[in-house]
Structures are given as C-alpha cells and as structure tokens.
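> predicted model follows, preceded by the sequence.
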Amino acid sequence: MFGSDNYRLWHGASPMARFFRDSDPGMFLVSGSDSTVRDRAGRDYLDARSSMWNVTLGYSCEPVKAAIHAQLELLPSGTVMRYEHPTQVAADYAARLADTLPDPLNYVRFGNTGSQMTEAAAMLSRYYRRMTGQAGRDHVITVQGGYHGTGPLATALTADPVFQEFSAPLDRFVRHVGTPDFDETPGTDPVRPVLDLIDQLGAHRVTAIMLEPVLGNFMRPVPLRYLNRLLAECRARDIHVIADEVTTGAGRAGSMTVSERLAGVPDMVVLGKGLSAGYFPLAALVVSAPLYDRLAGAEHPVGFPNGSTTDGHPLGMAAGAAVLDVITAPGFFASVRATAAYLTGLLRDALAGHPAVRTVGGEGMMIGVELAHPDRTPWSVADVNRLRLACRDHGLLTSYAHGVLPLLPPLTISRADCEELARRLAKALHERGPA
C-alpha cells in the first residue's frame, strides 16, 4: 500500500499528504533521454522544467558523462575547503570559468547549491566590511519576486511571505522592496523604492543589494536600464551589487550571464544550476578583483569562514569543465536564443484566444505563461498547480508559481519537442485550466 506508513522519503516543499494524493509509485522517474524522462510505469514525459531548471543539456549529454567517469577513475574525491592541497581540476576549472565572465570578476569560490552561494555572497559582503573597518554595514536588500534559495540566510533573502512566516526567526538585517514598476508608469521611478529604503536605513548601514536579472518567481526580466541605474547608484554609495544568476547563468538566458550585458560589472555573481547541467551538485560565487585583493592579504587574522566539505568536488569540477566545452562552442548561445524564440512563438500561437492567458514572455529559455482570471487577478498558486497536474496527465512536466506557469526546458530541446510542448500545454489548458 502506498502511503505514509511505508514510504520513508520526506521530500519537496509541499506537504507529504498532497504528494500521496497526487502521485503513486508508478510515477517515480527511472530514466531519461534528451528532453524526455520515463517513469516506473513506462510513461514518457517531455520535461519542460529541466528537473529543477538545471538539466540544461538534457539527459543524454555524453561529454559530461564521460568527463565524470574519467575523473572518477583519476581522483574521485577531494576538498578545497581547508589545507594546502586543492585539487588541480578545481584550479583549472576556476580559471576557465572566470575567463567566461567580464573583468574584474576573476576569482571563484565553489559550492554545491545556489542557496549555499547566495548565503556565501551576503556573508562575504559583511565579512568584507569587518575586515575593512566598516562594521555596522550589515543590511542586505532584495526585491520581491526574486528567489534566492532556502537556508538560514537564503530564506531571509527570498522575499516569499510563506517562507518568511514559517521559517522564522530569520536574519533581521535583510530588507525587501516591492517588485519595481518596470513598465515605468509616467511619473514613477522604478529605482526609487530601493533608494528610499537605502535612505531610510542609511547607506552607511547597507552592505549589499542582491538581484536576479530575471525574477525567478515571476519569470519577469529586469530591464537592463534598471540594472545599470541600480549598479551606478550603488557604486556611488559603496554598496555591493550581487547578481544572482543561479538560473540565468550558463546559457539559460541565451548567454553565459546577463551581467556581461551591463554597462558596469557587479561586485559578485552567483552561478549554479546549469554550471554542471544538473549532472553533479555545483554552484559558484565569482568575486571581483577589488574585493578579493582587499581580503586575500595575510594581514587579516581570520580567513573567510564559509564553506563545506564537498565544495569543489572533483566530479563537479570535471562536469563543469565539460559543460563549458559544450556551451562555449561557436554558435551555442545563438542556437539557444533562436530555439527560445521559436518556442515562444509556438506558445503564443497555440494559446492565443484563451481567456486566461495574458502574456507569454521571458528571457532566453526562461519562458513564463502569465495567467489571470477575467477580472485580471492572477491565478493563485493552487490554480496554476491544477494546470501543472493537467499538463502532467498529458505527458508534460512543468513548474508552477503565483500567476505564472514557468517553462524552462533543456537548452538543447529539439524543434519537434518544442512543437509537442506547445501542443500538450494548449490541450491541458483548454481541457482542465480554470477560465
């Protein structure tokens, strides 16, 4: 019998009772190929969420598999956390990864998850203040609609009311501003709420601002003009800018990073998910030379006290290097952008005329279908989840969020699978989605 009495795995963000209601052992995934996964009952699903947005090269990327196998034979484990023996594969990969980012983002710390590294970024900013005689600059500002992970500090950085309420107490020095008016209604300044909060706190008490270039909870791209203005305003106030590119980095937004498109360079960039294409836990914090140069000197009595046993694991380093070979090959990012445009067009055509669909948009292969009721109120999370379950019944795996159905298939999805994705979503929406 399938139920809580004999099922020992406790997982997911939803209550287990909901899982037992919506699933059965036949749905457990057992294999994958290209953009498709198969469950225990033999059903195939087109994976439009890339597992957890991280299987960017699909389930059949042989170069990555081969690199992991080769490293497993050579040096299966190692650490960069302590001592004087970092692995050669970590040093080599760090150099290659840094070379893909704009100067002066030249130094890399490795971790296992994006949540771990967003926390590391905020902690590093505070550590920098203490090491440079600026104790008291503790506040970190984030934006509503961004997602920065879960953990003691990452949950505080993620401005989700549910996360905030049920995981409290959290870091009291994290402050949030509402989602900016990126449409710039006449007479409004989208950066003003951030500047007002800085003025309220006092710039001398703010250490950093963390922002996703595409707000992950809404699939909403942040305009470059907003990012550039925010970067300039923070630079003038000596406030660190941390770009959370855990999702957008490594090709998901159609380039190595969104940060490389900016007029200036963030002080730190957090990468994750696509770094290893989901084949091994891997994330990174890339730090600018000015910060590194002030912190790496021997005069500081305490090194940055942050890290874990498996940071820079050799298998992850090998996977990351193999992914770089794939995504930095000539034409790869252009192909991602072209396929994303093709899929977006298909979705707009397939969903045209449905009363619930307001827009289909996003950035690169981060596509959001915005859904609203006739009175224009966004669909609730429960509404979108019902659509997700309908999609699942039609062999399509998707994510879900408040007012939007996020679609993040592998960057390597074929044109034929794009067509199938649009067809299955349209069928699920017309058959099961609320009007």
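Arrived safely.
> what residues of the longest helix along the chain count as buried?
Identified as the longest helix of the chain according to DSSP state H is helix 332-351. Going by neighbour count (16 or more other Cβ atoms under 10 Å), the buried part of helix 332-351 is 332, 333, 336, 337, 339, 340, 343, 344, 346, 347, 350, 351. For every residue, glycine as well, the C-beta is placed using N, CA and C.
> which helix or strand in the chain has the lowest average pLDDT?
Here the helix or strand of the chain ranked lowest by mean pLDDT, DSSP states H and E is helix 161-167, holding a mean of 78.
> mind listing residues that contact it?
With contact meaning Cβ atoms under 8 Å, 6 or more residues apart in numbering, helix 161-167 is reached by 150, 155, 156, 170.
> that's a helix at the third one, yeah?
The one in question is residue 156. Yes - assignment of residue 156 by DSSP: H, G, I helix; E, B strand; the rest coil places it within a helix.
> start to end distance for stretch 207-224?
22 Å (Cα to Cα, to the nearest Å).
> list the buried residues for it?
Under the neighbour-count criterion of 16+ other Cβ under 10 Å, stretch 207-224 has 207-222 buried.
> what's the farthest-apart pair in the residues you listed?
Pairwise distances across these peak at 28.7 Å for 207 and 219 (criterion: Cβ to Cβ).
> buried sites along stretch 422-430?
Within stretch 422-430, the residues that count as buried by 16+ other Cβ under 10 Å are 422, 424, 425, 426, 427, 428, 429.
> just the helices from the protein, written as ranges.
For the chain, helices defined by DSSP H occupy the ranges 16-22, 50-53, 62-74, 88-99, 114-131, 154-157, 161-167, 192-201, 224-236, 289-295, 314-327, 332-351, 381-393, 415-432.
> which one of those lies nearest to residue 141?
Closest of these to residue 141 is helix 192-201, at 6.1 Å (criterion: Cβ to Cβ).
> what's the angle from that closest one to helix 224-236?
20 degrees (axes from the mean of the first three to the mean of the last three Cα atoms, to 10 degrees).
> who's in contact with helix 192-201?
Applying Cβ under 8 Å, 6+ apart, the external contacts of helix 192-201 come out as 139, 141, 143, 175, 177-178, 180, 206, 209, 230, 233, 237, 239.
> try it again with 10 Å
Helix 192-201 is contacted by residues 137-139, 141, 143-144, 173, 175-181, 189, 203, 205-206, 209, 211, 226, 229-230, 233-234, 237, 239 when judged by Cβ atoms under 10 Å, 6 or more residues apart in numbering.
> poorly predicted segments of the stretch 51-200 of the chain, please.
Judged by pLDDT under 70, the stretch 51-200 of the chain has no weakly predicted residues.
> of the contacts of helix 161-167, just the buried ones, ChimeraX syntax please.
A single ChimeraX command is used to select the members of these judged buried by 16+ other Cβ under 10 Å:
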select :150,155,156,170
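> what's the pLDDT at residue 374?
In this model, residue 374 is scored at 94, pLDDT.
> neighbours of it, how many?
The tally of other residues near residue 374 (other Cβ atoms under 10 Å) stands at 8.
> what sits closest to it if chain neighbours are left out?
Leaving out its chain neighbours, the residue that sits closest to residue 374 by Cβ to Cβ, 6 or more residues apart in numbering is residue 355, at 6.4 Å.
> ok, back up a step: from the buried residues of stretch 207-224, pick the one nearest residue 367.
Nearest member of the buried residues of stretch 207-224 to residue 367, counting by Cβ to Cβ, is residue 219, at 6.8 Å.
> does the closest one really touch residue 401, like I thought?
Yes - with contact defined as Cβ atoms under 10 Å, residue 219 reaches residue 401; the gap is 7.7 Å.
> how about the contacts made by the residue nearest to the spatial centre of the chain?
The chain has residue 247 as the residue nearest its centroid, 2.6 Å off, counting by Cα atoms, centre = their mean. If you count contacts by Cβ under 10 Å, 6+ apart, residue 247 has them with 52-54, 56, 114, 147, 212-214, 216, 219, 253, 271-274, 363, 366, 406, 408.
> now the end-to-end length of stretch 241-257.
For stretch 241-257, the end-to-end distance is 15 Å (Cα to Cα).
> and that stretch, what's buried?
Per 16+ other Cβ under 10 Å, stretch 241-257 contains these buried residues: 241-257.
> format the contacts of helix 161-167 as JSON lines; extra columns: distance to residue 377.
Formatted as JSON lines, the contacts of helix 161-167 follow (distance: Cβ to Cβ, whole Å):
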{"residue": "150", "distance to residue 377": "28"}
{"residue": "155", "distance to residue 377": "27"}
{"residue": "156", "distance to residue 377": "28"}
{"residue": "170", "distance to residue 377": "29"}
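> closest to residue 123 out of the contacts of helix 161-167?
residue 156 (11.9 Å).
> check contacts around residue 322.
By Cβ under 10 Å, 6+ apart, residue 322 lies in contact with 57, 61-68, 70-71, 93, 276-277, 279.
> same question for residue 113.
Residue 113 touches 119, 149, 150, 151, 154, 246, 272, 273, 281, 282, 283, 308, counting by Cβ under 10 Å, 6+ apart.
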